[in-house]
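K.L.:
have a look; sequence and predicted model below, questions after that.
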Amino acid sequence: MTLSRREFLKGGLAAFGGLAGGGFSAFAVPAGTRQQRAPKLVFGVLADTHFRCDHEWRRGVKSDKFFVAALEYFRSRNVDAVVHCGDMADRGLVEELQRHADAWYRVFPGDKAPDGHTVEKLFVTGNHDAQGWSKNMDWVKFVPDASEWPDKILKFDMARHWERIWGEKYEPVWRKTVKGHDFFGMNWIENAGGEGEAALMRLIDERAPSDNPFFFVTHDRTHGTFNKAIKNHPGAFGLWGHWHLSAANWNTVQMLNDSTPGVQCPACPAWWREDGKWMGGGDDGIARAPLEGKLQGGRWEQGLVVSIYDDRLAIERREFSEGGSLGADWVMPFARAEGAGHPFSKEELKKAIGAPQFRDGAKLEVSNSGPGGIAVKIPLADGNPDSRVYAYEIAVAGEEGSRKLFKAVYAAGCNMGTGREPNGGATTLEIAASELPPGKTLTVAARPLSSLGTNGRAIAKEVESA
């Protein structure tokens with residue numbers, strides 16, 4: 001489609017080839033119901049806390065700051081239980097798991113909330129708990145004396161250490177019931193098929209019929225047990241971790257496989273990487289150009305709060321290093337109308353979250369950058385609080401009929417709590433002269449995108465080229 005400069009400068013979706021925008025509904029459920037009823041069950045969810053010793057043995061275990069912050073937030077929400085999807089002990093050391101218990105009992109002494117109700121531990125082990133840093137016994141460098149392995153390495157006597165540390169029996173698979181809702185856990189099993197999988201399926205098959213949803217907790221769903229075990233059981237919902245993906249991106253949070261919904265839980269480690277690609281993940285297809293930069297702020301101290309109502313589920317996404325919400329809750333009904341899309345599908349979620357928008361009067365700033373290049377400063381698109389901006393797509397047009405340049409960049413601070421973005425949330429993208437289209441006058445436009453690719457209205461600015 002050929003656009004005149006006037007049409008392009010007016011902005012809007014036409015500047016980007018007419019891709020459709022999203023709606024403005026906050027939730028895919030009728031308004032006015034959730035806030036008027038108390039939830040039947042509330043539980044926190046964590047994964048991949050990875051307590052570890054420093055690289056030199058006996059220099060001490062790294063801070064439990066973020067784990068404690070998460071537990072304290074869960075306590076403030078008066079949760080009934082806490083799920084941990086595994087990888088607590090990074091090197092597979094007993095000391096690392098003990099540090100988790102020390103923190104837990106500081107926040108929930110005797111497994112009790114301040115009002116005296118029991119907060120159930122729904123914990124499973126991950127590959128790091130069960131085998132250390134790798135399958136190649138890397139923990140040997142930390143405990144070189146083989147005679148000490150049974151007392152210092154979880155793998156050699158997991159049952160004994162687990163029972164002493166957590167005060168409960170260690171089982172490959174387990175079932176616990178909290179306020180009428182069943183949770184089935186599967187601890188890390190190197191080869192998940194066979195006896196462990198059969199045991200899990202027997203537990204699920206023995207479950208009494210109930211209208212309540214039930215939950216399957218494991219560390220990594222890729223072993224196939226998730227779908228094999230529960231895809232034919234109505235009301236099943238999966239929770240897993242392992243991949244250290246950010247809950248700021250809906251593509252990494254919500255998945256639907258064989259009509260069985262599940263959530264990839266974010267990491268809450270005392271360490272993180274800021275390369276954006278591995279720990280960002282799920283960015284394909286958000287914009288027509290690859291996302292540039294990093295998830296600025298680099299925060300992955302994240303977790304979830306799940307609230308269960310009579311006919312719906314609500315998931316709150318939190319960040320714990322500096323605090324704050326990662327955006328609007330995901331609220332979906334359990335039931336669906338005949339012929340309608342599955343309420344947990346991404347298609348339905350797109351309808352629910354709508355599109356991020358710039359505020360009225362928002363303007364781009366374009367300045368010179370380097371020899372002939374430009375710097376585009378984009379104001380925070382927080383005009384629609386129900387749809388948080390994750391990225392921006394930028395289009396640059398020059399002479400009529402010449403190619404347009406399309407770029408995309410992460411929104412500054414999109415991985416941090418709302419209101420905690422750096423520099424007021426402004427995002428700057430530098431574009432080299434070699435990339436710019438020809439022309440004495442350039443028209444630059446930017447539009448905000450959600451992590452699912454729903455897009456808001458663009459804003460544009462005309463500037464003289466350097």
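P.N.:
Structure's in. What do you need? Residues are numbered from 1 along each chain as shown.
K.L.:
my read: Gln131 touches Phe156, true?
P.N.:
No - the criterion here is Cβ atoms under 8 Å, and Gln131 misses it with Phe156 at 11.2 Å. Yep, even glycine has a C-beta here, placed from its N, CA and C like the rest.
K.L.:
which one's more surrounded, the two?
P.N.:
Gln131 (20 against 15; other Cβ atoms under 10 Å).
K.L.:
pLDDT at that one, what is it?
P.N.:
Confidence at Gln131, expressed as pLDDT, is 85.
K.L.:
next one: Leu449
P.N.:
97.
K.L.:
so how far is Val253 from Gly413?
P.N.:
Per Cβ to Cβ, to the nearest Å, Gly413 is found 18 Å from Val253.
K.L.:
more neighbours, these two?
P.N.:
Shown here are Gly413 and Val253; by other Cβ under 10 Å, Gly413 has more neighbours (26 against 23).
K.L.:
hmm, who's touching stretch 318-328?
P.N.:
26-27, 66, 69-70, 73, 247-248, 268, 299, 301-305, 316-317, 353, 385-388, 415-420 (Cβ atoms under 8 Å, 6 or more residues apart in numbering).
K.L.:
tell me which residues of that stretch come out buried.
P.N.:
318-321, 324, 326-328 (16 or more other Cβ atoms under 10 Å).
K.L.:
what's the farthest-apart pair in those?
P.N.:
Distance extremes for the buried residues of stretch 318-328: the farthest pair is Ser321 and Ala328 at 20.7 Å, using Cβ to Cβ.
K.L.:
out of the buried residues of stretch 318-328, flag the one nearest to Tyr170.
P.N.:
Phe320 (27.5 Å).
K.L.:
for Arg106, see how far away the closest one is.
P.N.:
16 Å.
K.L.:
check Val389 too.
P.N.:
Distance from Val389 to Arg106, by Cβ to Cβ: 37 Å.
K.L.:
Met158 now?
P.N.:
Met158 is 24 Å from Arg106, where distance means Cβ to Cβ.
K.L.:
who has more neighbours, these two?
P.N.:
Met158 (20 against 12).
K.L.:
just the pLDDT for the more buried one.
P.N.:
At Met158, the model reports a pLDDT of 95.
K.L.:
circling back: redo the buried residues of stretch 318-328 as CSV? Include pLDDT and secondary structure.
P.N.:
Output for the buried residues of stretch 318-328, formatted as CSV (pLDDT from 0 to 100; DSSP: H, G, I helix; E, B strand; the rest coil):
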residue, pLDDT, secondary structure
Arg318, 95, strand
Glu319, 94, strand
Phe320, 94, coil
Ser321, 89, coil
Gly324, 94, coil
Leu326, 93, coil
Gly327, 91, coil
Ala328, 86, coil
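K.L.:
can you pull out the helices in the protein?
P.N.:
5-9, 65-76, 94-107, 127-131, 149-152, 158-166, 195-205, 225-230, 250-253, 346-353 (DSSP state H).
K.L.:
and of those, who's closest to Gly116?
P.N.:
helix 65-76 (12.7 Å).
K.L.:
neighbours of Glu400, just the number please.
P.N.:
Neighbours of Glu400 (other Cβ under 10 Å): 11.
K.L.:
Val331 versus Ala375, what's the distance?
P.N.:
Here Ala375 is placed at a distance of 39 Å from Val331 (Cβ to Cβ).
K.L.:
of those two, which one has the most company?
P.N.:
Comparing Ala375 with Val331 by other Cβ under 10 Å, the one with more neighbours is Val331, at 20 against 14.
K.L.:
so that one bridges to which residues?
P.N.:
Ala314 (DSSP bridges).
K.L.:
wouldn't it be in contact with Ala352 here?
P.N.:
Yes - using Cβ under 8 Å, Val331 is in contact with Ala352, at 7.4 Å.
K.L.:
so, low pLDDT: which residues of the stretch 201-350 of the chain?
P.N.:
222-232, 254-260, 270-281, 295-299, 335-342 (pLDDT under 70).
K.L.:
now Met332: closest residue in space, sequence neighbours ignored.
P.N.:
Pro343 (4.6 Å; Cβ to Cβ, 6 or more residues apart in numbering).
K.L.:
check whether the one you found really touches Pro333, as I assumed.
P.N.:
Yes - taking Cβ under 8 Å as the definition, Pro343 is a contact partner of Pro333 at 5.1 Å.
K.L.:
okay, the two: which has more neighbours?
P.N.:
Pro343 (21 against 18).
K.L.:
got a pLDDT number for the closest residue to Asp102 other than its chain neighbours?
P.N.:
Among residues not flanking Asp102 along the chain, Asp64 sits closest, at 7.6 Å (Cβ to Cβ, 6+ apart). For Asp64, the pLDDT comes out at 88.
K.L.:
can you get me a residue count around Trp166?
P.N.:
17.
K.L.:
now it: how far from Phe123?
P.N.:
7 Å.
K.L.:
repeat that for Ser345.
P.N.:
30 Å.
K.L.:
of these two, which one has the most company?
P.N.:
Neighbour tally, Ser345 and Phe123, criterion other Cβ under 10 Å: the higher count belongs to Phe123, 23 against 18.
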